[in-house]
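In: Turn this into a structure:
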Amino acid sequence: MIVPDPTVSAYDAVAGRRSVRAFLPTPVADEVIDRILTAASRAPSGQNMQPWRVHIVTGDTHARLCAEVTAAASAGERSDEYPYFPADIREPYRGRRRKVGFDLFAIYGIGRDDLEGRQRALLRNFDFFGAPVGLFFTMARDWGYGAWIDMGNLMTNVMTLAPAFGLATCPQQAWAEYGAAVRRVLPVLDDEVIVSGMALGYEDPAAVVNGLVTARASIDEFVVRHR
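Out: Presented below is the predicted three-dimensional model:
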């Protein structure tokens, strides 16, 4: 049995969490994936409804899916599963979004006016950044807001548990922007919404892009104390 590394604390896993954008092709054992998802399913869920469904994508299906969605994204065939951002992103959120984008493009060596280079960088999403495992999180469309909280709890658990097995992750809502293409490969039910994808695998320690650590607002900016 593959056991988690007991030296990886929950605090370290959460405080050190980052999105990895370059993975090694090393396969991930089914046993490890199953152990992570089994433990992650202990996520809190309103009245224990557990509204989630997880699709594990590897092997030939992984290759077909990457090819299909990359082609759709290259052709501009966007088909959002749901609106993620408001139509008009205000400050400070707009500035935060621009900063992480520019920081990432700078690491890739892509200039701000290099639209072709930016597009190539964005398409890397649809190869799971080289990760051999893709996870897709779906649920029935008729669930209310509470189920989205439950799904977030499940996804966070997966990302928190992965380091205990030496694995890294990158949550990728970008896949939900091409839901029609994803559905041409994966048997996602018509009455389900694709909430997010996620790359899972072993981090490539030599990749410069994995050195990106996003800035976070201090707690003074988002905490309100009531005494």
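In: in the protein, which spans are strands?
Out: In the chain, the strands defined using DSSP state E lie at 52-57, 133-140, 168-172, 192-201.
In: Would you reformat those strands as JSON lines and include distance to Pro86 and mean pLDDT?
Out: Bear in mind the C-beta positions are built from the backbone N, C-alpha and C, glycine included. Listed next are those as JSON lines, based on distance: least, CB to CB, whole Å; pLDDT from 0 to 100:
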{"stretch": "strand 52-57", "distance to Pro86": "25", "mean pLDDT": "98"}
{"stretch": "strand 133-140", "distance to Pro86": "22", "mean pLDDT": "98"}
{"stretch": "strand 168-172", "distance to Pro86": "20", "mean pLDDT": "98"}
{"stretch": "strand 192-201", "distance to Pro86": "18", "mean pLDDT": "98"}
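In: Kindly reformat these as TSV and extend each row with mean neighbour count.
Out: Formatted as TSV, the strands of the chain follow (neighbours: other CB atoms under 10 Å):
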stretch	mean neighbour count
strand 52-57	18
strand 133-140	22
strand 168-172	23
strand 192-201	23
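In: In a markdown table: the ones you listed, plus distance to Ala217.
Out: As requested, these are exported to a markdown table (distance: least, CB to CB, whole Å):
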| stretch | distance to Ala217 |
| --- | --- |
| strand 52-57 | 29 |
| strand 133-140 | 26 |
| strand 168-172 | 19 |
| strand 192-201 | 23 |
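In: For Asn125, find the nearest of these.
Out: Asn125 sits nearest to strand 168-172 of all those, at 5.6 Å, using CB to CB.
In: Run the chain-centre distance for that closest one.
Out: Distance of strand 168-172 from the chain centroid (CA atoms, centre = their mean, to the nearest Å) equals 4 Å.
In: Compute the inter-axis angle for it and strand 133-140.
Out: 40 degrees (axes from the mean of the first three to the mean of the last three CA atoms, to 10 degrees).
In: list the helices and strands strand 168-172 packs on?
Out: Using 3 or more CB pairs under 8 Å, 6 or more residues apart in numbering; DSSP states H and E, the elements in contact with strand 168-172 are helix 145-161, strand 192-201.
In: So which of the ones you listed is nearest Arg118?
Out: strand 192-201 (19.8 Å).
In: Run the chain-centre distance for the closest one.
Out: Mean-position distance between strand 192-201 and its chain equals 6 Å (CA atoms, centre = their mean).
In: Direction included, what does it pair up with?
Out: Partners of strand 192-201 in the sheet, by DSSP bridges, are strand 133-140 (antiparallel), strand 168-172 (antiparallel).
In: for the first one, the distance to its chain's centre please.
Out: Going back to what we said before, that points to strand 133-140. 10 Å.
In: Use 814 as the first number for this chain going forward.
Out: Got it, first residue is 814 now, which makes that one strand 946-953.
In: angle of it against helix 958-974?
Out: Taking the same axes, to 10 degrees, one finds strand 946-953 and helix 958-974 inclined to each other by 160 degrees.
In: right, and Gln986 touches Tyr897 too?
Out: Yes - using CB atoms under 8 Å, Gln986 makes contact with Tyr897 at a distance of 5.9 Å.
In: between the two, who's got more neighbours?
Out: Higher neighbour count among Gln986 and Tyr897: Gln986, with 17 against 12, using other CB atoms under 10 Å.
In: Nearest to the middle of the protein, which residue? Look it up for me.
Out: Central residue of the chain (CA atoms, centre = their mean): Pro984, 1.0 Å from the mean position.
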